[in-house]
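Novice: The sequence and its predicted three-dimensional model are supplied below.
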Amino acid sequence: MNKLKLHNTLGNKLEEFIPINIKNIRVYACGPTVYNYAHIGNARMAVVNDLLVCFLRTIYPKVTYVSNITDIDDKIIAASEEKNIPIKELTKKFTDIYNEDMSVLGVSLPDIQPKATDHINEMIELTKLLIQNNFAYEKEGHVLFDVPKFKDYGSLSGRNRDEQIIGSRVEVAPYKKDPTDFVLWKPSPAPKPGWESPWGFGRPGWHLECSAMSEKTLGLPFDIHSGGADLIFPHHENEIAQTCAAHNNTHDLKSFAKYWFHNGFVNVEGEKMSKSVGNIRLVNELNKEFKGEVLRLTLLSAHYRQPLNWTRNIIKQNSTMLERFYRNLKDLENIDAYKDNDQIDDVVIEGLYDDLNTPKVIAELNVLSNQLSSADNKMKSRIKYNLLEVGKIIGILQNNPDTWLGYGKSAILDETTIERLIKERNEARGNKNFDLADQIRDELKEKGVEIEDTKNGTIWKSV
RNA sequence: GGCUCGGUGGCAGAGUGGUUAUGUAGGGGCCUGCAAAGCCUUGCACAGCGGUUCGAUUCCGCUCCGAGCCUCCA
């Protein structure tokens, strides 16, 4: 029996996943700040977590997946002012675009997608608790978390407070008692948006929302808390401090979430993706050029914790691979997907159990694909079963092969015309008039129709 | 400066103390009138230097190089 192992950032090692409550696995992923189009890095987080949740669902009867939308934040305020669009309108627009773009990549909506602005009260209550427990203090309209009081601060990211102060490159705000203290609540002078609170009109600090929303939607403790690797510090470190301190569980960091799951970064053509370099790859743009399934497979072509270097070349390679799988499925269209024990081959599925090793899984699918040429019908049936069932988990190969490959569909020519031309060409071939035959083929190619002569006759597809 | 994580064949990317990763690209061949697809076949690897070992790409140490975080960031 396979056991799921996941890398836990809290402890920094591979651990067997043991659910808190086997009847309901609870997962929280830090979602996007919605002030712009999502880029391929956002997509990696969404796809990896979608895979995690989808795989968990094959093991456990119920999984509750929560991923938030951050809809109040300095960058949003700045974007709203710059574009002169009300914040609500801006965040609604980019939330919708985010969900749409992700769905093209085969990412399902989370079960709950809470918004920060719907949880201001919870954040205020949490802040009150922290003040009450003497882990937070108010100064100049700010409420700050008193980091030195939290002994285990830094455990997640593996750094200690002193080193951090020495290495710090930022000026310390005058209202902070300690350089590492962070904001829970801050003043928000009009026209900036804000809410009434015991500490005056203001808005929450960034880290507070995820502490509030995860507790509200999932209860404490929950199983897995995830996000991009850059969130380890300070965001997740601060979340742990807030939640544990608010509940006086400062000696048990796992009283918040048991497993911390982080995906690696996406680089672009070997460089960090950043606005200054101008190499941000937006999902919205990529979706216009490539099939979502190709992008998804490309995102899963490296292990989720490894950096992924996003280049045109790897998209092309994965596209070719995916097309081959679909050709396999096309060749297998008259074979039923079936396997005696109704189980995915162990050698194939074990990669997923081993910290979601998708490159291993994909490699094993290729091994199966290579066996097709010499397979009998029983074997073919098994291979088809594996392709489809594993594809279901990792989010590929669920389309109709004909549709995916473009067989029998053309945007330019109508079917009758194509069939007539193919017939004329085959007549020409029969008469050994190959010049005419090739001429017809070229003509079709020009109109985006490619033909293949198979032993069952000529078939055509759009390219 | 501190804390992480890496350096595998043209490219991408797993893994392992001794045996083929896998894909893609390239070479050769088969099939085809020719294509396309398919099939067969074939190069090319484990940054460097030490150590442990019968044996290391895999473990340990050092060196070099790269990336991320420490400030908003997926």
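Specialist: On my side now, so go ahead. Numbers count the residues shown, from 1 in each chain, chains lettered A, B, ... in the order given.
Novice: Grab the nearest non-local neighbour of the residue of the stretch 101-250 of chain A found nearest RNA strand B.
Specialist: Closest to RNA strand B within the stretch 101-250 of chain A is A:Gly228: 1.4 Å, counting by Cβ to the nearest atom of the strand. Heads up, the C-betas are built off the backbone N, CA and C, glycines and all. Counting by Cβ to Cβ, 6 or more residues apart in numbering, A:Met45 is the residue found nearest to A:Gly228 once chain neighbours are left out, at 5.1 Å.
Novice: Assess the claim that the one you found and A:Asp230 are in contact.
Specialist: No: between A:Met45 and A:Asp230 there is no contact under Cβ atoms under 8 Å: 10.2 Å.
Novice: who has more neighbours, these two?
Specialist: Neighbour totals were compared for A:Met45 and A:Asp230, and A:Met45 leads with 28 against 13 (other Cβ atoms under 10 Å).
Novice: Would you mind measuring from that one to A:Leu299?
Specialist: 10 Å (Cβ to Cβ, to the nearest Å).
Novice: Mean confidence (pLDDT) on stretch A:117-136, please.
Specialist: For stretch A:117-136, mean pLDDT is 96.
Novice: Now it: buried residues?
Specialist: A:117, A:119-120, A:122-124, A:126-131, A:135-136 (16 or more other Cβ atoms under 10 Å).
Novice: Using CSV, lay out the residues you listed together with distance to A:Asp414 and secondary structure.
Specialist: Shown next, in CSV, are the buried residues of stretch A:117-136 (distance: Cβ to Cβ, whole Å; DSSP: H, G, I helix; E, B strand; the rest coil):
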residue, distance to A:Asp414, secondary structure
A:Thr117, 52, helix
A:His119, 55, helix
A:Ile120, 58, helix
A:Glu122, 59, helix
A:Met123, 60, helix
A:Ile124, 64, helix
A:Leu126, 63, helix
A:Thr127, 66, helix
A:Lys128, 69, helix
A:Leu129, 69, helix
A:Leu130, 69, helix
A:Ile131, 72, helix
A:Phe135, 71, coil
A:Ala136, 70, strand
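Novice: ok, which pair from the residues you listed is furthest apart?
Specialist: A:Thr117 and A:Phe135 (24.8 Å; Cβ to Cβ).
Novice: ok, which stretches of the stretch 1-150 of chain A are strands?
Specialist: Taking DSSP state E, counting those that start in this stretch as the test, the strands found in the stretch 1-150 of chain A are A:5-8, A:13-16, A:25-29, A:63-67, A:136-139, A:142-145.
Novice: should've said the stretch 301-450 of chain A
Specialist: A:308-310, A:449-454.
Novice: Kindly compare burial across those and name the winner.
Specialist: Mean neighbour count (mean count of other Cβ atoms under 10 Å) peaks for strand A:308-310 among the strands of the stretch 301-450 of chain A, with a mean of 21.
Novice: buried stuff in stretch A:189-206?
Specialist: For stretch A:189-206, using 16+ other Cβ under 10 Å, the buried residues are A:Pro193, A:Gly194, A:Trp195, A:Ser197, A:Trp199, A:Gly200, A:Gly202, A:Arg203, A:Pro204, A:Gly205, A:Trp206.
Novice: One more: stretch A:267-281?
Specialist: In stretch A:267-281, the ones that count as buried by 16+ other Cβ under 10 Å are A:Asn267, A:Val268, A:Met273, A:Asn279, A:Arg281.
Novice: do stretch A:261-268 as well
Specialist: Buried residues in stretch A:261-268 (16+ other Cβ under 10 Å): A:Phe261, A:His262, A:Asn263, A:Gly264, A:Val266, A:Asn267, A:Val268.
Novice: Include secondary structure and pLDDT when you put those residues into a markdown table, please.
Specialist: Shown next, in a markdown table, are the buried residues of stretch A:261-268 (DSSP: H, G, I helix; E, B strand; the rest coil; pLDDT from 0 to 100):
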| residue | secondary structure | pLDDT |
| --- | --- | --- |
| A:Phe261 | strand | 96 |
| A:His262 | strand | 95 |
| A:Asn263 | strand | 94 |
| A:Gly264 | coil | 93 |
| A:Val266 | strand | 91 |
| A:Asn267 | strand | 90 |
| A:Val268 | strand | 88 |
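Novice: just curious, which of these is nearest to RNA strand B?
Specialist: Using Cβ to the nearest atom of the strand, the buried residues of stretch A:261-268 come closest to RNA strand B at A:Val266, 4.0 Å.
Novice: Hmm, A:Gln306 and the closest one touching each other?
Specialist: No: at 10.6 Å, A:Val266 does not count as touching A:Gln306 under the criterion of Cβ under 8 Å.
Novice: Near RNA strand B, which residues of the stretch 301-450 of chain A are found?
Specialist: A:301-303, A:306-309, A:311, A:313-314, A:316-317, A:320-321, A:324, A:327, A:351, A:354, A:357, A:359-360, A:362-363, A:366-367, A:369-370, A:372-374, A:429, A:434, A:437-438, A:441, A:450 (Cβ under 7 Å from any atom of the strand).
Novice: those helices in the stretch 51-200 of chain A, which residues are they?
Specialist: A:74-83, A:87-104, A:120-132, A:161-167 (DSSP state H, counting those that start in this stretch).
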